[in-house]
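> Below are the sequence and a predicted model for it; my questions follow.
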Amino acid sequence: MKNQSRFVPKATAVLFGMLLALVAFADTAVAGDLSIDALKQRFASPPANAGTTTLWWLNGKLTKKEIREQMLNLRDRDGFGGVAPLTLFRMKPATEPAYLTDEYFEMYGCILDTAKELGMTVVFYDDCDFPSGTAGKRMAEQYPDDLMKYLARATATVEGPREVELPVASGKLMSVVARNLDTGERRVVTAAAKSGGAASPCIGGSAGFRQPPEEEGRYEFFRVLDESGRLLFEDRFDGKLNSAWETPGASRVEKDGLHATDCQPMWARDLKLPAKFTIETRLTIVRSAAALAFGIKSAEDLMFWQFNARLKAIRPHIKQGSHRTLESVPFPFESNRAYDVRLVVDGETVATWIDGKLVATHKVTTTGSAVRWAVPAGRWEVQAFVCATAPAKRFVDCLDPQAMAKFIGLTYDRFAQRFPAHFGSTIRMTFYDDLSTYHVPDCLMWSPEFNEEFQARFGRSPEPLYPALWEDIGPDTAAARASLYALRNELFAAGYPRAVQEWCDRRGMKCSGHPAASYRANPLQSPGDAILFYKYQGAPLTDYIHYFDHGVDGFKIPASAAYNFDRPEVVCEIYGNFHQKMPNDSNMLYRAGMEVYARGINYLLPHGTWWDPAKMRIVPEISWRNPEIGPELRHYNQWAARCESLLRAGRHAADIGVLYPIDDLAARYHVGLLPFTHGKDPIPGTDYYELSRLLTGEIRRDFTFLHPEVVDARCRVEGREFVLDNPNNWERYRVLILPACRTIRASNLKKAYDFLAAGGKVIATTCLPEQSAEFGHDEEVRHMAKEMFGPGGKGVFVPTPNETTLQQALDGLGFAWDVRITQATDIPRTYRKAHDYGGNLQNDPDAYEGGNRLFAYLHRSVPGAEVYFFPNASGLTVSADVELRGQLKLETWNPHSGVIQPLDSALTQTHGQPVTKFKLSLPTLRSVFVVGKPQSK
């Protein structure tokens, strides 16, 4: 039960904390049950503190006088409702006084006291700089054993019988798996393996040559043997240089052999050295020196033995981070004379033989740790898996609640001890930044307790499954990957976010914050699971940064997380690093804001205002001081206040639920499948991200992504509706879409099966389910898929989803839609050069301004009315015919002016159901709410 307790919700504490948080937010957020009349009053005259909260970069020396002056201007001139002070430490100029000093706390206290006096709020940014989790380097200094961990793998291919030695990172051994390459047999040999002791620094590296341009060596042949004399690699250089060599530089093959030069180093591409081996060659020093290299793992991690004719010596070099030379041994080398050289490497020693005589022995320092196993007869691949501290050694272990308690003690607790009266009043929300799996190699953030947690959750050991994260292990591959990632992703959500939310619960606050790239197509390269990640925190947050339209097709993901887990606010850190070569003017504020509002975000946190804008490091400066933006800021904040008053009210409404296919994504993915792009590249074979773009921006049918866990725990079939059964944000779907789910939980498919049988509509796209995300249920999945989509099945299969085929499938379902937009102005795409992470501009066909996605909608259902948001973020006037399900009396609520007026409409029927139709015309960069009250015939 100890292992299971991490995943059992503390229902009473969480509920009490959320109730406190709702009370604390009463002044600035709108509770979901406010009547439409109360909302109308608030909309017409937004409270003074209802403007957005600016991210306030403290890049300089703080003074109480300047704090007050800047906050007065932010409130009175710009209309901001609050600030989120961001302390700088690594980024220069840093905040003065330094983070967490007594003088610093004095200045922070001044910010809090001034905010309280001015009626503003403060969002508590929980670290200095970004990402969060360092406590200004105090975490690494004080708790080095509590830093982020990752899963490391070491492999070797050996022929037994003999003992194999695998160098591994220092840490906890999680599994050792051996596979017979002739029979395919797999064995878990963890118990038989010996862990500990240092490893030879050569294991796993390659061998070759290392010659700078001023040196040249000639080699007649080059071979590598293992300790039993078996040939591992050989090249006789009897033709042109073959493809077996990496980075040969200016080396070339002539009639008398390989002339190696300007290669630092040159190595055999597919060679992986064991601990004990021998290198044999016949070499001639052509210019100055020749050198054999081995243990080559990179240009900065190798050893090379130099045979120097100028210095008449054998000079061993070790280049592993630093560069050092071992003791030189005199030898009368001559240029243009051939020498037979053997280097015999025996783990910790290197013996140099020249012309059949032992002339030198050097001891090399062993490194790291090793796993050893007695290999039986046959050819075997051996893999060892270790949970080790991440190389960066900066961030708290996000998966470990005990490590998180230490981090909270260094940061949150120190502020709360200093300013207890402000937490839960002036400070109502916290903000952590850029947590990510990509802070560790291969994005495999891991826990030393993983095996025990896996056994408790799935009733089996994960030890035989670990290789599936890198390769196909047979029929269980999909379930193995889905299960391994499912637990890792749960640990991530139950780590940092949950620990902070529980701290906030005790003070009536909400935890917000975001993983890096929560909007990207491949979540396994950053958040892990971009919906589950937000499971325990009070307010999901995402960022909209770098350039306009960046990530916009993925913003339905964090919004859906809020809908799934019944959270009223969805926060967005927005505008940061919108490149200065693009128009960073007041139009940008509205354009990007409209895009995210239409996708469910309802709390903007502009990035940002700089203490000293003359030394700004990340554009733009959003304050009265920027002539491009300042004059419009107050009006912008009133617009945002009106929008957010309605967008936080009530509940989200949509006709379509789309299964979030995280199990399928995990089942398809393995280390090395894609280059690292922060998750930008879709996993081959998937389509859910494209469906998000099509549904929101082209077909314009809103939807909610449904997490597999939520489908199991919170969804039910009620007649012809698939119901998300939350207390506050309950939703009723008429259509369920299964996007490219080759792998799916059998329990999820069973609910879809029951929904279809009850008369609901189920659409599958691209491919049909074949495999279960649970072990042993593949046949059950295939049977249900055949019943649903095979001959006689009532499900709809769209093998090639695009705007035309998907819209035809939806329109053919035979009912009146919640919202249906037709005859809309076509908005052309304007391709441009996009800003990349390195501060450069590059051609990127996926980055464009314009396109139909700039005109979308969102529906909120509030007590007594239906509220529809229509923004036009494009550069054109947009007109469209709009049809709303139900008989409604319509008004337009203009968030730019606060003006409310009747809207002409017509009542009619579609598919025998009552609908209300009207014509919409929106000028460029204008938005409107259409509010409908039910009316009888």
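That came through fine.

> can you give me the helices in the stretch 151-300 of the chain?
In order along the chain, the stretch 151-300 of the chain carries no helices (DSSP state H, counting those that start in this stretch).

> Would you map the strands across it?
When secondary structure is read from DSSP state E, counting those that start in this stretch, the stretch 151-300 of the chain shows strands at 171-180, 186-188, 194-195, 206-211, 216-226, 231-235, 245-246, 252-254, 257-260, 263-268, 276-287, 289-298.

> Please report the distance of the one residue sitting closest to the centre of the chain from residue 563.
Taking Cα atoms, centre = their mean as the criterion, residue 526 is the residue nearest the geometric centre of the chain, at 2.0 Å. Here the distance between residue 526 and residue 563 works out to 21 Å (Cβ to Cβ, to the nearest Å). No exception for glycine: its C-beta is placed from N, CA and C like everyone else's.

> Could I get the average pLDDT for stretch 798-815?
Stretch 798-815 shows a mean pLDDT of 98 in the predicted model.

> Number the chain from 802, please
I'll keep to 802 as the first residue from here, and by that count the last item is stretch 1599-1616.

> mind listing what's buried in it?
Of the residues in stretch 1599-1616, those buried by neighbour count under the rule 16 or more other Cβ atoms under 10 Å are 1599, 1602, 1607-1608, 1610-1611.

> wait, which of those residues is closest to residue 1159?
In terms of Cβ to Cβ, no member of the buried residues of stretch 1599-1616 lies closer to residue 1159 than residue 1602, at 70.1 Å.

> Do I have it right that that closest one meets residue 1487?
No - the pair formed by residue 1602 and residue 1487 falls short of the contact definition of Cβ atoms under 8 Å, at 11.5 Å.

> overlap in contacts of these two?
Residues within reach of residue 1602 and of residue 1487 at once, by Cβ atoms under 8 Å, 6 or more residues apart in numbering, are residue 1567.

> Now do the helices for the stretch 1252-1401 of the chain: every range, in order, please.
Counting by DSSP H, counting those that start in this stretch, residue ranges of the helices within the stretch 1252-1401 of the chain are 1278-1294, 1297-1306, 1357-1365, 1387-1398.

> Could you break this protein into its assigned domains?
Domain segmentation of the chain under automatic domain parsing yields 809-946+1199-1240+1283-1450, 1007-1164, 1457-1502+1504-1618, 1630-1735.

> Out of the ones you listed, the one nearest residue 985 is which?
domain 1457-1502+1504-1618 (18.4 Å).

> and the end-to-end length of the closest one?
One end of domain 1457-1502+1504-1618 sits 10 Å from the other (Cα to Cα, to the nearest Å).

> so where is this protein shaky, pLDDT-wise?
Segments of the chain classed as low confidence (criterion: pLDDT under 70) are 802-834, 1122, 1381-1384, 1631-1651, 1738.

> same thing but 80
802-834, 998-1000, 1122-1123, 1167-1169, 1380-1385, 1630-1651, 1737-1738 (pLDDT under 80).

> Now the residue of it most remote from its centre. Nearest residue, chain neighbours left out?
When each C-alpha in the chain is compared with the mean C-alpha position (Cα atoms, centre = their mean), residue 1133 comes out farthest, at 58.6 Å. The shortest distance from residue 1133 to any residue other than its chain neighbours is 5.7 Å, reached at residue 1113 (Cβ to Cβ, 6 or more residues apart in numbering).

> ok, now how distant is the one you found from residue 1501?
With distances defined as Cβ to Cβ, the gap from residue 1113 to residue 1501 amounts to 80 Å.

> So for those two, which sits in the more crowded spot?
More crowded of residue 1113 and residue 1501, by other Cβ atoms under 10 Å: residue 1501, with 23 against 13.

> didn't the more buried one look like it was pressed against residue 1623?
No - judged on Cβ under 8 Å, residue 1501 makes no contact with residue 1623 at a distance of 9.1 Å.

> What is the neighbour count of the closest residue to residue 1284 other than its chain neighbours?
Nearest-residue entry for residue 1284: residue 1259, 5.7 Å, with adjacent residues in sequence omitted and distances by Cβ to Cβ, 6+ apart. A count of neighbours around residue 1259, defined by other Cβ under 10 Å, yields 17.
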